[in-house]
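**Q** sequence? don't have it. structure:
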């Protein structure tokens, strides 16, 4: 099954092809990225209209710059960020995973931490930039190598929550409508292409 993200403005498009059931990795130098049910399918952009294609490209670039490999999995039975990130970490050969929701909220997790704990949490998705996503990938890769990077610097805006709360709630509601209880976690391959006008 291939799920595509299309754009009308000449931006890059993103497709995810299912490879098969997600399994525990054997490579000690990998980071697993868990995308939510609506990421790159129902929704094609974050809450502030960053294209999912660019978000994934930046996370992958940050990982690659650290000379660490990456795999992407899609969770279909949950849109809970902590559960997604922890599942990614448990399936990663290094024990490090990233979870990302369609609206852009992200988390770096480690396999042996409790599910509701994490290495780094990025809850204010309206303040995340493409540069932030690249740094998230880079930090996750550094954790995978056994390093202790400085946390990714993020902006903080006390008004972000009230300003974006209604839209975030709507996006979350739409995303949870795609959740299929008991559906398997699948490994997916991203495919990027330039949009045709």
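**A** Okay, I see it. It should be emphasised that the depicted structure is a prediction, and the values quoted were computed from it without experimental measurement.

**Q** Tell me which strands whichever strand or helix holds residue 17 pairs with, and in which orientation.
**A** Element membership of residue 17, judged by DSSP states H and E, is strand 12-21. In the sheet, strand 12-21 lines up against strand 2-5 (antiparallel), strand 186-194 (antiparallel) (DSSP bridges).

**Q** Can you name the element that comes right after that strand?
**A** strand 30-35.

**Q** Which residues does that next one contact?
**A** 16, 22, 25, 56, 59-60, 63, 68-75, 84-85, 87-89, 91-94, 96-100, 137, 140-141, 144, 185, 188 (Cβ atoms under 8 Å, 6 or more residues apart in numbering). No exception for glycine: its C-beta is placed from N, CA and C like everyone else's.

**Q** swap in stretch 179-191?
**A** With Cβ under 8 Å, 6+ apart, stretch 179-191 has contacts from 2, 14-23, 34-35, 37, 56, 60, 71-79, 87, 91.

**Q** Need the residue closest to the centroid of this protein.
**A** residue 100 (2.9 Å; Cα atoms, centre = their mean).

**Q** would you list every one of the strands in the chain?
**A** Per DSSP state E, the chain carries strands over the ranges 2-5, 12-21, 30-35, 69-74, 96-100, 106-110, 120-122, 186-194.

**Q** looking at the ones you listed, which is buried most?
**A** Using mean count of other Cβ atoms under 10 Å, the stretch among the strands of the chain with the largest mean neighbour count is strand 96-100, at a mean of 30.

**Q** list the helices and strands it packs on?
**A** Using 3 or more Cβ pairs under 8 Å, 6 or more residues apart in numbering; DSSP states H and E, the elements in contact with strand 96-100 are strand 30-35, helix 52-65, helix 81-91, strand 106-110, helix 130-144.

**Q** What degree of burial does the residue lying closest to residue 73 once chain neighbours are set aside show, as a neighbour count?
**A** Counting by Cβ to Cβ, 6 or more residues apart in numbering, residue 22 is the residue found nearest to residue 73 once chain neighbours are left out, at 4.2 Å. The number of residues packed near residue 22 is 21, by other Cβ atoms under 10 Å.
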